[in-house]
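Engineer: below are the sequence and a predicted model for it; my questions follow.
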Amino acid sequence: MDFVSIRIITGDVARLVDFYERATAVRAEWATEDFAELRTASGTLAIASTRTVPLFAPGSAHPADNRSVILEFLVEDVDSVHRKLTGLVADFVGEPTTMPWGNRSLLFRDPDGNLVNFFTPVTPAAVAKFAR
């Protein structure tokens with residue numbers, strides 16, 4: 001089995017796609033006006049309209065209602081990214097912080113309130129874990 005993607009359901013696909021394109025510097029591939037994907041080497045962030053929910057199961061997903069999932073992106077230099085995100089991100093949950101498990105992390109909310117973690121491994125063990 002391979003983990004392929006995570007999908008965010010939103011009431012404003014264009015706004016959320018624009019945010020993630022600017023935050024990640026990854027261009028989205030649009031399938032329809034209701035669905036776009038930002039593909040990286042290790043996974044895909046899919047962003048879909050509420051209009052797509054009934055295709056799966058009516059009422060099964062609600063936009064801007066996540067309080068349990070954190071989207072995580074490995075970045076080259078989290079402190080540099082933090083400076084670049086100033087002005088784009090309205091809700092930084094915290095400043096870059098080195099975590100006990102060896103990642104320097106920046107936690108913020110996207111325009112729909114989803115938690116996002118940009119992180120850089122900084123200890124030898126964390127660097128080794130994420131070596132490509």
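Structural biologist: Nice, thanks for sending it over. Numbers count the residues shown, from 1 in each chain.
Engineer: use CA for all of it now, contacts and neighbours both
Structural biologist: Fine.
Engineer: excluding sequence neighbours, find me the nearest residue to Arg39.
Structural biologist: Leu45 (6.4 Å; C-alpha to C-alpha, 6 or more residues apart in numbering).
Engineer: how far away is Ala23 from Ser105?
Structural biologist: Remark: distance between Ala23 and Ser105 (C-alpha to C-alpha, to the nearest Å) = 15 Å.
Engineer: of these two, which one has the most company?
Structural biologist: Taking other C-alpha atoms under 10 Å, Ala23 and Ser105 do not tie; Ser105 has more neighbours (27 against 17).
Engineer: surely that one meets Phe92?
Structural biologist: No - using C-alpha atoms under 8 Å, Ser105 is not in contact with Phe92; the gap is 11.5 Å.
Engineer: output the lowest mean pLDDT helix or strand found in this protein.
Structural biologist: One helix or strand of the chain scores below all others by mean pLDDT, DSSP states H and E: helix 53-56, with a mean of 94.
Engineer: run through who's touching that one.
Structural biologist: Helix 53-56 is contacted by residues 9, 59-61 when judged by C-alpha atoms under 8 Å, 6 or more residues apart in numbering.
Engineer: just how off-centre is that helix within its chain?
Structural biologist: Put simply, helix 53-56 sits 22 Å off its chain's centre (C-alpha atoms, centre = their mean, to the nearest Å).
Engineer: ok now the next helix or strand after that helix, how far from the chain's centre?
Structural biologist: Sequence order places strand 70-74 as the next helix or strand after helix 53-56, per DSSP states H and E. With C-alpha atoms, centre = their mean as the basis, strand 70-74 stands 5 Å off its chain's centre.
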